[in-house]
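Participant: Test case, fold it:
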Amino acid sequence: MADITQNDLNLMMQSYENMILMHKTVLDQQTTMTELLGEVVKNQSNISTKQMSVCKTLEGVVKQLDTCSIQLSKSQEKMDTTDKSLTKDLNTHNVESVKEHGKITNKIYIAFGLSGTIILGLIGLLLKS
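Facilitator: Have a look, this model is predicted:
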């Protein structure tokens, strides 16, 4: 076996010391990373909470939009029904109006006829006298 010198022991002890310093540095870095990851988790939690709040607000907006959509649909149905009713009433009114105008026209023709008869009768009386 070879004899170990004091220089070899010093080198070996320095190697152990360097390994311990390296492990301590790695441990410090891991501690820092763990702290940073903890902050990231807190930030993510805050973001999730805010997103949940936004989702609830959006859910309320969607419910309101659904309500508005239903009301608009009902209003449109009422307007369609009213429009059909008004169209029917207008058509009925138009037919009745034409009938009334026809009656008035017939009365005017009768009046012209009677006026002509009276005028002819007067002319006849004037010619006889």
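
Participant: Low-confidence stretches in this protein?
Facilitator: By pLDDT under 70, the low-scoring segments of the chain are 1-2.

Participant: And the most centrally placed residue in it, how far from Ser73?
Facilitator: In the chain, the residue lying closest to the centroid (CA atoms, centre = their mean) is Leu65, at 5.9 Å. According to CB to CB, to the nearest Å, Leu65 and Ser73 sit 12 Å apart. C-betas here are computed from N, CA, C, even on glycine.

Participant: about what we covered before: for the residue nearest to the centre of the chain, which three-state class applies?
Facilitator: Secondary structure assignment for Leu65 (DSSP: H, G, I helix; E, B strand; the rest coil): helix.

Participant: Relative to Glu59, how far out is it?
Facilitator: With distances taken as CB to CB, Leu65 is found 11 Å from Glu59.

Participant: quick one on the thing from earlier: please report the distance of the residue nearest to the centre of the chain from Gln71.
Facilitator: Using CB to CB, Leu65 is found at 11 Å from Gln71.

Participant: now the helices for the chain?
Facilitator: 6-128 (DSSP state H).

Participant: Relative to Lys84, how far out is the residue of it most remote from its centre?
Facilitator: Centroid-distance maximum for the chain: Ser129 at 92.2 Å, with CA atoms, centre = their mean. Per CB to CB, Ser129 is found 68 Å from Lys84.

Participant: contacts for stretch 93-102?
Facilitator: Around stretch 93-102, nothing counts as a contact under CB atoms under 8 Å, 6 or more residues apart in numbering.

Participant: centre of the chain versus that stretch, how much separation?
Facilitator: From the chain centre to the centre of stretch 93-102 is a distance of 47 Å (CA atoms, centre = their mean, to the nearest Å).

Participant: repeat for stretch 19-36
Facilitator: Its chain's average C-alpha position is 54 Å from that of stretch 19-36, according to CA atoms, centre = their mean.
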